[in-house]
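Chemist: From the sequence below, what's the structure:
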Amino acid sequence: MMRMRRSPLEGIGTTQASIVKYLRRKGSASRVEIAELCGVTPAAVSMMTRDLIERGIIVEGARRQTGRGAPPIDLTLNPFAAYALGIHANRFLVTLTLLDFCGTTVGELQLPGAYSTFANVKSEIKQGKELLLARNGIDANLLIGAGIAMPTRFRQDTAFLDLAEEIISWAGSDLSSSLQLSLGCPIIIENDANAAAMGELTLGNAANYQHFAYLYLSEGIGSGIIIGQELYRGNVGNAGEIGALRSRGLSRPSFEDLAGWCHERVGHIPQGRSSETWTEYLNGNSAIFEAWLDRAGPETARLAFMMAAVLAPSAIYIGGTLPKMVRERLAGWLDFAQSNPFEGARVLQPQILIPQISATDSVALGAAAMILHALPELL
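Modeler: Numbers count the residues shown, from 1 in each chain. The predicted model follows:
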């Protein structure tokens, strides 16, 4: 019987995990810089980094050129130490993103389809994982976990999920246990909006905002909340349910609403939710699209204004599965001085940004980033 290799991450402590997170974000740092960050003695840092080097988690780089004294040695993460898998699953598409230990994308895989049953989704995820690992020559034992993002809420004191209406047909089993058994590694199931926000925090957020909100416009409407560069999940994990403030019977800046609007007026819509296909379709039906923007724009402004009033974020990112062109047009409504969503009410205007992460699917990337961020709790 073949013995599984022990993960080099097994048994690392909380402070060591903080060192790993810091190096992932900064790229490299000296032991002195790490000691200042962690608030521990240089001797303790030396001991902890020696252990991480022996495990193959971090590596020593070149010495810096300095004027006096012994030049410091930069430490960096070993990208090949471990890998994280991120999965974004909805009824139109399953996307998988594989990250190395530094957070660099190793491979991506998109599997479009009509996923009406959980069995179909689970099968595609398992096959996709095996294909990604094989393509890149990665030992399955180096996969430290899989983050799985889907449109869901969480229930109090239960393993069962409160799935969004679009995937309600997946209900009826403990999805978490079933997926963990199928993939053979630890997993985290997360709301898709939270995963997108974590992707921006971990691998985007070029301005290094400490506090920001991520407005997630997909089939429904949600948001992720970052406070002090940490994801705020709220009670059970359901913080950010901004879509609950708009009745489903009213106009909504969602993909479902846009599709229904276009189908009613054009008579046909593209199959699936391909951003490229929908962008071409909307450009070809510009009058219909402009009319929808006139309806959806004020609603987007109201939702963003409420987020700004309650959270006072430095920035609001507008992400989601709505095509980038659509989100860019909606972003214009979030200049509150111009849109005046609550007739004279004022808040401090946050920066309004479109995520710039270079990824096929920012949610899948964020789900993988959550695995890297979860150390050592996940092990």
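
Chemist: And the closest residue in space to residue 37 that isn't next to it in sequence, which helix or strand is it part of?
Modeler: Computed as CB to CB, 6 or more residues apart in numbering, the closest residue to residue 37 that is not its neighbour in sequence is residue 22, at 5.5 Å. In short, each C-beta sits where N, CA and C put it, glycine included. For residue 22, the enclosing helix or strand under DSSP states H and E is helix 14-26.

Chemist: can you pull the contacts of the residue nearest to residue 37?
Modeler: 29, 34, 37-38 (CB atoms under 8 Å, 6 or more residues apart in numbering).

Chemist: out of the residues you listed, which are buried?
Modeler: Among these, those scoring as buried are 29, 34, 37-38 (criterion: 16 or more other CB atoms under 10 Å).

Chemist: Go through these and name the one nearest residue 206.
Modeler: residue 29 (19.4 Å; CB to CB).

Chemist: for the longest helix along the chain, packing partners?
Modeler: The longest helix of the chain (DSSP state H) is helix 286-311. Applying 3 or more CB pairs under 8 Å, 6 or more residues apart in numbering; DSSP states H and E, we find helix 286-311 packed against strand 212-217, strand 221-227, helix 255-266, helix 275-284, strand 315-319, helix 324-331, helix 336-339.

Chemist: How many neighbouring residues does the nearest residue to residue 288 once chain neighbours are set aside have?
Modeler: Spatial nearest neighbour of residue 288, chain neighbours left out: residue 265 (5.1 Å); criterion: CB to CB, 6+ apart. When counting by other CB atoms under 10 Å, one arrives at 12 neighbours for residue 265.

Chemist: List the contacts of stretch 297-304.
Modeler: 215, 217, 221, 242, 245-246, 250-253, 316, 318, 329-330, 332-334, 336, 339, 341-342, 352.

Chemist: just stretch 169-176 next, same as before
Modeler: By CB under 8 Å, 6+ apart, the list of residues contacting stretch 169-176 reads 116-118, 121, 159-161, 163, 187, 189.

Chemist: Quick check on those residues: which are buried?
Modeler: By 16+ other CB under 10 Å, these give 118, 121, 161, 163, 187, 189 as buried.

Chemist: who touches the fourth one in this structure?
Modeler: Contacts here follow CB under 8 Å, 6+ apart; on that basis residue 163 touches 150-152, 170-171.

Chemist: Let me have those residues in a markdown table, adding distance to residue 182 as columns.
Modeler: Compiled in a markdown table, the contacts of residue 163 are given as follows (distance: CB to CB, whole Å):
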| residue | distance to residue 182 |
| --- | --- |
| 150 | 15 |
| 151 | 20 |
| 152 | 18 |
| 170 | 14 |
| 171 | 17 |
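
Chemist: ok, now which ones touch residue 371?
Modeler: Here residue 371 is in contact with 84-86, 144-147, 188, 378 (criterion: CB under 8 Å, 6+ apart).

Chemist: List just the one of the helices and strands packed on helix 286-311 that sits closest to residue 61.
Modeler: Between residue 61 and these, the shortest gap by CB to CB is with strand 221-227, which sits at 30.2 Å.

Chemist: which is the next helix or strand following that closest one?
Modeler: Strand 221-227 is succeeded, C-terminally, by strand 230-232 (DSSP H and E).

Chemist: quick one: strands adjacent to that following strand?
Modeler: Strand 230-232 sits in its sheet next to strand 221-227 (antiparallel), going by DSSP bridges.

Chemist: pLDDT of the strand it pairs with, averaged?
Modeler: For strand 221-227, mean pLDDT is 95.

Chemist: Check stretch 333-341 too.
Modeler: 94.

Chemist: what comes up buried for stretch 113-128?
Modeler: 115, 118, 121-122, 124-125, 128.

Chemist: can you check stretch 78-87 too?
Modeler: For stretch 78-87, by 16+ other CB under 10 Å, it's 78, 81-87.

Chemist: Go through those residues and flag which are in strands.
Modeler: Among these, DSSP state E puts 83-87 in strands.

Chemist: before we move on, the earlier item: dump the buried residues of stretch 78-87 to TSV, plus pLDDT and distance to residue 211.
Modeler: Below are the buried residues of stretch 78-87 laid out as TSV (pLDDT from 0 to 100; distance: CB to CB, whole Å):
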residue	pLDDT	distance to residue 211
78	95	32
81	93	31
82	93	30
83	96	30
84	95	25
85	97	29
86	96	24
87	95	28
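
Chemist: for these, which one is nearest residue 139?
Modeler: Taking those together and measuring to residue 139 by CB to CB, the closest member is residue 83, at 9.1 Å.

Chemist: show me what contacts that closest one?
Modeler: Residue 83 makes contact with 98-101, 106, 138, 142-144, according to CB under 8 Å, 6+ apart.

Chemist: Pick out the most distant pair among those.
Modeler: Based on CB to CB, the longest span within those runs between 106 and 144 and measures 13.4 Å.

Chemist: more neighbours, these two?
Modeler: Each of residue 106 and residue 144 has its neighbours counted (other CB under 10 Å); residue 144 has more, 23 against 19.

Chemist: Excluding chain neighbours, what is closest to that one?
Modeler: Nearest one to residue 144, counting by CB to CB, 6+ apart, is residue 82 at 4.6 Å.

Chemist: Check residue 312 too.
Modeler: Spatial nearest neighbour of residue 312, excluding adjacent residues (CB to CB, 6+ apart): residue 348 at 6.4 Å.

Chemist: Pretty sure the one you found sits in a strand.
Modeler: No - applying DSSP: H, G, I helix; E, B strand; the rest coil, one finds residue 348 to be coil, outside a strand.
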